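K.L.:
Task: produce atomic coordinates for the following.
(one chain, ligands or ions: 1)
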Amino acid sequence: MITAAITAVGHYAPDKVLDNKYFESYLDTTDEWIVTRTGIRERRILEEGATSDLAVEAARRTLDQRGIGPEDIDLIIIATVTPDMFFPSTAALVQHKLGAKNAWGFDLSGACSGFLYALTTGMQFIESGRYRRVLVIGADKMSAITDYSDRNIAILFGDGGAAVLLEPSEEEGYGVLDAINFLDGSGMEALHMKGGGSWNPPTHDTVDNKMHYIYQDGRAVFKVAVVGMADVSLEIMRRNNLTSEDVAYLVPHQANMRIIQSTADRMGLPMERVMVNIDRYGNTTAATIPSCLAEYYGDGRLKRGDNLVLAAFGAGYTWGGTYVRWSI
Ligand code: COA
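P.N.:
The predicted structure is shown next:
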């Protein structure tokens, strides 16, 4: 059987930094509250451009690392909840901007679990033998849908893009080895964006009522995210006979440091074996997990043969876990 291996990984964070002090300057909040309740110290903001620009930059870095050109890509899958437009897809815009003239592609909406949904999807095209190079990108310009006057939301999100290249594994036992994904639409009430779609097309009223921003009942989401992330991570370990000693890193979605810590605790992992960059980027939705992979691989902390458990939870609700044996 063919296995999909991650053969390159790239991350792009825009230059502009919003630190917690910025929010202290006009919201009823403090750096101390934000750090202790979320783990976030700063986040990046894309001042000009759109999600496709974040995705293109991440893709370029990924292709450069592998030493191949855009024309070598067969398929582009983009996980995002902040597409440049409803149509055409952000994948179409990225395909054009990159010059990936031999690729087709599509967007996938899985919110904070979007990257894992896209990874599961991308791996099928490699495993089937149909394609040899699939670019899986998680990119979100969350600043486009964040209400900066709401202290519950403004502090949480940032903009970013990150990508992985999937190719057939050259060696057995390496690559994306298992994936479990879940969907429970009853979670819609707690986390959604009401306006802009066919349910509430844009009108003056939808704008006046702030329906084009993220709505989140943080406490409700927190409770289910803690359980969902840990349960799926433990299920991935059980199915693949992994003990906590076998896991080199948990690679969690970066929404809240307390959710990350609690997942690690349930897996029996010390924090040194948990990938974390929420302090510098906040929640970049579909980009969090591949951005961690890119940073830890980039500075040598992630090595060939490392067993990784990827885990995410997000709007839908969506959640999932993936087992990767790192192959580069
Ligand atoms: N500064 C100061 N106080 C704040 C604040 C801020 N930036 N944001 C909220 N508060 C206040 C609330 O208004 C509330 O005050 P009240 O008790 O007077 O109503 C209090 O802090 C506690 O609010 P609560 O929502 O219970 O805080 P929390 O500990 O749950 O933390 C989140 C809030 C959003 C950080 C947390 O719930 C969370 O991370 N939720 C899950 C996010 C997630 O995983 N999303 C999934 C995918 S995106």
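K.L.:
Just give the closest residue to the most centrally placed residue in the chain, not the sequence neighbours.
P.N.:
By C-alpha atoms, centre = their mean, the chain has its centre lying nearest to residue 286, at 2.6 Å. Nearest residue to residue 286 in three dimensions, chain neighbours excluded: residue 138, at 3.3 Å (C-beta to C-beta, 6 or more residues apart in numbering). Yep, even glycine has a C-beta here, placed from its N, CA and C like the rest.
K.L.:
what about the one you found, neighbour count?
P.N.:
Using other C-beta atoms under 10 Å, residue 138 has 36 other residues around it.
K.L.:
Also residue 218?
P.N.:
Number of residues near residue 218 (other C-beta under 10 Å) recorded here: 17.
K.L.:
Repeat that for residue 66.
P.N.:
Counted with other C-beta under 10 Å, residues neighbouring residue 66 total 16.
K.L.:
can you pull the contacts of it?
P.N.:
By C-beta atoms under 8 Å, 6 or more residues apart in numbering, the residues touching residue 66 are 7, 8, 165.
K.L.:
any chance of the residues you listed in JSON lines, plus distance to residue 322 and secondary structure?
P.N.:
Shown next, in JSON lines, are the contacts of residue 66 (distance: C-beta to C-beta, whole Å; DSSP: H, G, I helix; E, B strand; the rest coil):
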{"residue": "7", "distance to residue 322": "16", "secondary structure": "strand"}
{"residue": "8", "distance to residue 322": "17", "secondary structure": "strand"}
{"residue": "165", "distance to residue 322": "16", "secondary structure": "strand"}
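K.L.:
Out of those residues, flag the one nearest to the ligand.
P.N.:
Taking C-beta to the nearest ligand atom as the measure, the ligand lies nearest residue 165 of the contacts of residue 66, at 25.9 Å.
K.L.:
check contacts around the spatially closest residue to that closest one that is not a sequence neighbour.
P.N.:
Spatial nearest neighbour of residue 165, excluding adjacent residues (C-beta to C-beta, 6+ apart): residue 8 at 4.3 Å. Counting by C-beta under 8 Å, 6+ apart, residue 8 makes contact with 62, 63, 65, 66, 164, 165, 328.
K.L.:
What is the neighbour count of the first one?
P.N.:
Which is residue 62. 27.
K.L.:
Let me know whether it touches residue 9 as I believe.
P.N.:
Yes - the pair residue 62 / residue 9 is scored as a contact, 6.1 Å apart, by C-beta atoms under 8 Å.
K.L.:
which residues do those two both contact?
P.N.:
Joint contacts of residue 62 and residue 9 (C-beta under 8 Å, 6+ apart) are 163, 164, 165.
K.L.:
Return the residues in contact with the first one.
P.N.:
Applying C-beta under 8 Å, 6+ apart, one finds that residue 163 lies in contact with 9-11, 55, 58-59, 61-62, 135-138, 290.
K.L.:
and with 6 Å instead?
P.N.:
Residue 163 is in contact with 10, 58, 59, 62, 135, 137, counting by C-beta atoms under 6 Å, 6 or more residues apart in numbering.
K.L.:
wait, what's in contact with the second one?
P.N.:
It refers to residue 58. 10, 11, 12, 161, 162, 163.
K.L.:
How about the residues of the stretch 201-328 of the chain by the ligand?
P.N.:
Residues of the stretch 201-328 of the chain lying close to the ligand (C-beta under 6 Å from any ligand atom) are 218, 219, 221, 222, 225, 255, 256, 259, 283, 313, 314.
K.L.:
By neighbours, which of those wins?
P.N.:
In terms of neighbours by other C-beta under 10 Å, these top out with residue 313 at 31 neighbours.
K.L.:
Bridge partners for that one, pull those for me.
P.N.:
Counting by DSSP bridges, residue 313 forms beta bridges with residue 319.
K.L.:
How many neighbouring residues does residue 141 have?
P.N.:
Count around residue 141 with other C-beta under 10 Å applied: 30.
K.L.:
Pull up the gap between it and residue 41, please.
P.N.:
20 Å (C-beta to C-beta, to the nearest Å).
K.L.:
For the helix or strand in which residue 229 is found, enumerate the helices and strands it packs against.
P.N.:
In the assignment (DSSP states H and E), residue 229 maps to helix 218-239. Using 3 or more C-beta pairs under 6 Å, 6 or more residues apart in numbering; DSSP states H and E, the elements in contact with helix 218-239 are helix 257-267, strand 307-314, strand 318-325.
K.L.:
which parts of the first one are buried?
P.N.:
If you call a residue buried by 16 or more other C-beta atoms under 10 Å, then helix 257-267 has these buried ones: 257, 259, 260, 261, 262, 263, 264, 266, 267.
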